[in-house]
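Participant: Predicted model follows, preceded by the sequence.
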Amino acid sequence: MNKEFTFAVKRTRFDEDYCPSEATRLTTNFANLARGTGRQENLRDTLKMIDNRFNALAHWDNPQSDRYSVAIDIISVEMDINGESAGNGLPLIEILKTSIVDRKTNECIEGIAGNSFSSYVRDYDFSVVLPEHNKDGSDFSLPDSFGDLHGKLFKAFLNSDAYKANFSKLPVICLSVSTSKTYQRTDNQHPVLGVEYVQDDYSLTDEYFRKMGMEVRYFMPANCRAPFAFYFFGDLLNDYTNLELISTISTMDTFQKIYRPEIYNANAEAGKLYRPRLTNRDYSPTRIIYDREERSRLAVQQGKFAQEHFIKPYQATLAQWVANGAL
């Protein structure tokens, strides 16, 4: 990796007392939940939903459905270029890290890094570059090298000393399936991930994560209403334990129920052929307050922030780095 780029990892516990810091990307779902007059109730209810979902999936040797609790850390990844940030690096990426508390054995079990995923450069690509490229209103297309810089930055972080010092396994990201694609149920079923779905074509998000080096598979766990897109390296089904996978499912199923209830809290389960729709009106909203319009608005603001404070100042360095093609 280029010696000019270094990374630092900062952790913030996501609990009922969590308050977003000034350095937090405000489009992240956990930051959205943690503002307003009902913030603490929002957070308390969210954490309870995660624990309940975890215990429902980890049902063996768990007769009262209360054996486990999930602890979540917000991982903020800062990047320094040429030592210029003086300890105040660009908050490049934010992911979540889960840990599992076993109340029966008093053991704290390591979970999975990843889960949710947010990135300033991703905001820049999707909220600044893509609209600008397609502003003439003709057929939709992607700019040349779309996502290349972001993909290389993510791979550089995974190869960094900072990642290896903090995490023992490669990340798994769990996101909503695309509303532009149709998914078909297969006969393949995993004991934790559930039934697998496939599709004929990758979504724009799928392709973007491929540039980050990640493959994708789609699974619908037990008692979920729709499949999830799982982005991973290696072997998703065998590289992670059941409890690790359940920590990701319970966390991201909860977040998706809150901010995409039309899909993940629908009153009908996905069928053999499934096309997710945010226009679906047959769903049950949670009691948790989430401002989806704010999230979209802030994505544009933060994309422009990345443009002004990262892309433009280091444009020549970044372009040369991507063109070299080596990590």
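Facilitator: Okay, I see it.

Participant: can you map out the strands along this protein?
Facilitator: For the chain, applying DSSP state E gives strands covering 5-14, 68-81, 90-102, 107-119, 172-176, 183-190, 194-198, 215-220, 228-232, 273-274.

Participant: who touches residue 80 in this structure?
Facilitator: When contacts are counted by Cβ atoms under 8 Å, 6 or more residues apart in numbering, residue 80 touches 5, 6, 7, 8, 89, 90. C-beta: built from backbone N, CA, C; applies to glycine.

Participant: hang on, I meant residue 280
Facilitator: Contacts of residue 280 by Cβ under 8 Å, 6+ apart are 262, 263, 266.

Participant: Could you rerun that using 6 Å?
Facilitator: 262, 266 (Cβ atoms under 6 Å, 6 or more residues apart in numbering).

Participant: and what of the one 4 residues further on?
Facilitator: Contact criterion Cβ under 6 Å, 6+ apart gives residue 265 as the residues in contact with residue 284.

Participant: tell me the pLDDT at it?
Facilitator: Residue 284 carries a pLDDT value of 95.

Participant: And the contacts of residue 80, which is closest to residue 229?
Facilitator: residue 7 (25.6 Å; Cβ to Cβ).

Participant: just to revisit the earlier point, of the contacts of residue 80 - the most surrounded one?
Facilitator: Of the contacts of residue 80, residue 7 is surrounded by the most neighbours, 22 neighbours in total, counting by other Cβ atoms under 10 Å.

Participant: in the sheet, who's paired with the closest residue to residue 314 other than its chain neighbours?
Facilitator: Closest residue in space to residue 314, ignoring its immediate chain neighbours: residue 81 at 5.7 Å, by Cβ to Cβ, 6 or more residues apart in numbering. Following DSSP bridges, residue 81 is listed with bridge partners residue 5.

Participant: Tell me, how many residues neighbour residue 81?
Facilitator: 18.

Participant: repeat for the one 10 residues further on
Facilitator: Other residues near residue 91 number 22, with proximity taken as other Cβ under 10 Å.

Participant: Give me the distance between the nearest residue in space to residue 7 that is not next to it in sequence and residue 122.
Facilitator: Leaving out its chain neighbours, the residue that sits closest to residue 7 by Cβ to Cβ, 6+ apart is residue 162, at 4.2 Å. Going from residue 162 to residue 122 by Cβ to Cβ, to the nearest Å gives 19 Å.

Participant: which one of these two has more residues nearby?
Facilitator: Taking other Cβ under 10 Å, residue 162 and residue 122 do not tie; residue 122 has more neighbours (26 against 17).

Participant: quick one, what contacts that one?
Facilitator: By Cβ under 6 Å, 6+ apart, the contact set of residue 122 is residue 150.

Participant: 10 Å instead, please
Facilitator: 25, 27, 92-93, 147, 150, 153-154, 205, 208-209, 212, 299, 302-303, 306 (Cβ atoms under 10 Å, 6 or more residues apart in numbering).

Participant: what's the lowest-pLDDT member of those?
Facilitator: Minimum confidence in the contacts of residue 122 sits at residue 27, scoring 44.

Participant: What's the local residue count around residue 282?
Facilitator: 8.

Participant: I'd assumed residue 268 was in contact with it.
Facilitator: Yes. Between residue 282 and residue 268 there is a contact under Cβ atoms under 10 Å: 6.3 Å.

Participant: Can you say which of the strands of the chain is nearest to residue 48?
Facilitator: Residue 48 lies closest, by Cβ to Cβ, to one member of these: strand 68-81, at 9.9 Å.

Participant: can you give me the mean pLDDT across that closest one?
Facilitator: Strand 68-81 shows a mean pLDDT of 92.

Participant: For that strand, list every residue counted as buried.
Facilitator: Using 16 or more other Cβ atoms under 10 Å as the burial criterion, the residues of strand 68-81 that qualify are 68-81.

Participant: export the residues you listed to CSV and tack on distance to residue 192?
Facilitator: Below are those laid out as CSV (distance: Cβ to Cβ, whole Å):
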residue, distance to residue 192
68, 14
69, 18
70, 15
71, 19
72, 19
73, 22
74, 24
75, 23
76, 29
77, 28
78, 33
79, 34
80, 38
81, 40
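
Participant: Pick the one among those closest to residue 20.
Facilitator: The closest of the buried residues of strand 68-81 to residue 20 turns out to be residue 74 (Cβ to Cβ; 9.1 Å).

Participant: how far away is that closest one from residue 94?
Facilitator: Separation of residue 74 from residue 94 (Cβ to Cβ): 6 Å.

Participant: try residue 142
Facilitator: 25 Å.

Participant: More neighbours: these two, which one.
Facilitator: Each of residue 142 and residue 94 has its neighbours counted (other Cβ under 10 Å); residue 94 has more, 23 against 15.

Participant: ok, the closest residue to that one other than its chain neighbours - how many residues close by?
Facilitator: Distances taken as Cβ to Cβ, 6+ apart put residue 118 closest to residue 94, at 4.8 Å, once the chain neighbours are dropped. Look at residue 118: counted by other Cβ under 10 Å, it has 23 neighbours.
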